[in-house]
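Undergrad: Test case, fold it:
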Amino acid sequence: MAGCGQLWSSETPAPETREPTLPLFGYTLLPPTLTPSLWPVGSATPLLNMDGITGLSPLAVYLTVSGPACYETPVGSLVCLGQVQNRHDEPIEQIVVTVQLLAQDGTVLASGQSFLARQLLSSGLQGPYRVMFDHIPEGYTHAAAYVASGRIAQNVERRYAELELNHTSGIFVYDQYQITLSIVNKSRYPADRIVVTLTLLDRDGQVTGFRQVYLDHSRTIQPGESLSVTVKAIPQGPNTVGFSAFAESRPVIN
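TA: Next up, the predicted model:
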């Protein structure tokens, strides 16, 4: 089972609309803007009770999409980042996010999709997404994002391990953040195929970058055992002030 652990802030509780994050102040330097520009953020496509005509999952109404914040890269491509929050009572998996690049009048100029960078999105939690475009279409002014598909997760306890994260240190070195985390296996079974995701955020909770680290498949955490991992991430956007992190893995059940 792919386990989920969330890094919680020691500061005041975050707004209900997003998970608490740890501030970067005090132990890191804030970098300058690393990209040429931040493109305008458009409103997400309205999420109604979808049917066969739209091609969208009925679960989309329970999945709140933030962003996308789209950043032009030095090579002229466009990376669009954001998060999805699960407002359903049940955990949801295999979430696919669609990002559309739009003209001023709403005409769709380009469209791209990607899986959410969180296999299992439990109730109330968030996960980041990233959609890349090779070039910026002529006439592009803003972007919109919506959830295209997802499904209620079944048999969660046997498919996803319960992992807990603890933050131990963090620093900004050259052009990247380095965050060291301790992963604790709270499950009854050993956990392997561990993936750690670090999401960088600005003051408004907008995603400025994220990084996923896949540990060696041979590395297994026994029940109650902890493992220290350092994750490095370069922000795509400016004004990064906080981060959140989670880990996922599967239980080894003989």
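Undergrad: How is the chain partitioned into domains?
TA: Here the domain parsing of the chain from automatic domain parsing is 5-31+156-251, 37-152.
Undergrad: so can I have a markdown table of these showing mean neighbour count and mean pLDDT?
TA: For the C-beta atoms, the positions are set from N, CA and C on the backbone; glycine is no exception. Listed next are these as a markdown table, based on neighbours: other C-beta atoms under 10 Å; pLDDT from 0 to 100:
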| stretch | mean neighbour count | mean pLDDT |
| --- | --- | --- |
| domain 5-31+156-251 | 18 | 79 |
| domain 37-152 | 18 | 85 |
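Undergrad: Nearest the geometric middle of this protein, what residue?
TA: Nearest to the geometric centre of the chain sits residue 128, at 1.6 Å (C-alpha atoms, centre = their mean).
Undergrad: quick one: it and residue 249, what's the gap?
TA: Counting by C-beta to C-beta, to the nearest Å, the separation of residue 128 from residue 249 is 18 Å.
Undergrad: which residues in this protein form helices?
TA: 156-159 (DSSP state H).
Undergrad: can you give me the offset of stretch 141-159 from its chain's centre?
TA: In this view, stretch 141-159 has its centroid 12 Å away from the chain centroid, taken as C-alpha atoms, centre = their mean, to the nearest Å.
Undergrad: if you skip the residues just before and after it, what's nearest to residue 114?
TA: residue 131 (5.0 Å; C-beta to C-beta, 6 or more residues apart in numbering).
Undergrad: repeat for residue 89
TA: In space, residue 89 is closest to residue 123, 5.5 Å off (C-beta to C-beta, 6+ apart).
Undergrad: what's residue 252 in contact with, if anything?
TA: By C-beta atoms under 8 Å, 6 or more residues apart in numbering, the residues touching residue 252 are 189, 190, 191, 192, 220.
Undergrad: what would those residues look like in CSV with distance to residue 142?
TA: Below are these laid out as CSV (distance: C-beta to C-beta, whole Å):
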residue, distance to residue 142
189, 46
190, 47
191, 41
192, 42
220, 46
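Undergrad: Let's see which of those residues end up in strands.
TA: 191, 192 (DSSP state E).
Undergrad: List just the nearest of the contacts of residue 252 to residue 151.
TA: Proximity of those to residue 151 (C-beta to C-beta) peaks at residue 191, which lies at 23.1 Å.
Undergrad: So the closest one sits against residue 184, correct?
TA: No - between residue 191 and residue 184 there is no contact under C-beta atoms under 8 Å: 10.0 Å.
Undergrad: Mind listing the shared neighbours of the two?
TA: Common neighbours of residue 191 and residue 184 (C-beta under 8 Å, 6+ apart) are 163, 221.
Undergrad: quick one: contacts for residue 209?
TA: Applying C-beta under 8 Å, 6+ apart, we find residue 209 in contact with 81, 199, 200, 233, 234, 235, 236, 237, 240.
Undergrad: how much space is there between the fifth one and residue 198?
TA: Put plainly, it is residue 234. 11 Å.
Undergrad: got any residues that touch both of these two?
TA: 177, 211.
Undergrad: Stretch 164-182: end-to-end distance?
TA: 8 Å (C-alpha to C-alpha, to the nearest Å).
Undergrad: Then stretch 115-131?
TA: The first-to-last residue distance of stretch 115-131 comes to 9 Å (C-alpha to C-alpha).
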